[in-house]
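1. Have a look at this fold, sequence not included:
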């Protein structure tokens, strides 16, 4: 498994609507993607327009090729793209070789 | 609980030494901090000098005041600060109101 970390800035004042859209997108779109293993959304304390979305995928290609190349990506961006203040910064990471409980 | 996300860039070629230093720092320093609840380190796939360290704290102040104001912070930075290619970007986030397994 790998971890996608998406650093997102939304337009001011849209937090509640954005969170509702993400909730809908997770339940109805992302959860149908092949290789999707789970996601969590974190809201910035210092930067209230900042969110970090973390998604676990079986493989890097499940996200970069499978999901992004599928109609699901169009649906997903249709739900949440309108809230973005700029292009999200998205990269992929190892799941922790180093973790403490 | 809150989540600290630290975005770290290290100097090229220092991955193994940095990971060993972080491992030591987690075991001997961070784990002794009041309010520390766990941590995980993620290594960048697209950006091999990039790491994301995620730390769970009981409260924001456990990190920003308690830990940063304690001698433990000096110990911690003494272990890992020499690897940084620049100042880490550190902010704090809510634990997920939205999470899927």
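-> In hand now; what should we look at? Because the structure is predicted, anything quoted here is derived from the model rather than measured.
2. Give me every residue in chain A lying close to chain B.
-> For chain A, the contact set with chain B under C-beta under 8 Å from any C-beta of the partner chain comprises A:2-3, A:5, A:19, A:22-23, A:26-27, A:31, A:38-47, A:50, A:52, A:60, A:91-101. The way it works is simple: take the backbone N, C-alpha and C, and place the C-beta from them, glycine included.
3. I'd like to know which of the residues you listed are buried.
-> By neighbour count, with 16 or more other C-beta atoms under 10 Å in any protein chain shown, the residues of chain A next to chain B hold A:2-3, A:5, A:19, A:22, A:26, A:38-45, A:50, A:52, A:91-94, A:96, A:98, A:100 as buried.
4. so of these, which ones are in helices?
-> Mapping those onto helices (DSSP state H) picks out A:19, A:22, A:26.
5. So which of those residues is the closest to residue A:82?
-> Ranked by distance to residue A:82 (C-beta to C-beta), these are led by residue A:22 at 12.2 Å.
6. if I pick that closest one, what's in contact with it?
-> By C-beta atoms under 8 Å, 6 or more residues apart in numbering or on different chains, the contact list for residue A:22 reads A:41, A:51, A:53, A:79-80, B:98.
7. As CSV, these with pLDDT would be great.
-> Formatted as CSV, those follow (pLDDT from 0 to 100):
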residue, pLDDT
A:41, 95
A:51, 97
A:53, 97
A:79, 97
A:80, 97
B:98, 51
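8. Format those as TSV; extra columns: distance to residue A:72.
-> What follows is the contacts of residue A:22, written out as TSV (distance: C-beta to C-beta, whole Å):
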residue	distance to residue A:72
A:41	18
A:51	20
A:53	15
A:79	11
A:80	13
B:98	18
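9. So which of those residues is the closest to residue A:15?
-> Checking the contacts of residue A:22 against residue A:15 by C-beta to C-beta gives residue A:51 as the nearest, at 8.6 Å.
10. I am finished for the moment; much appreciated.
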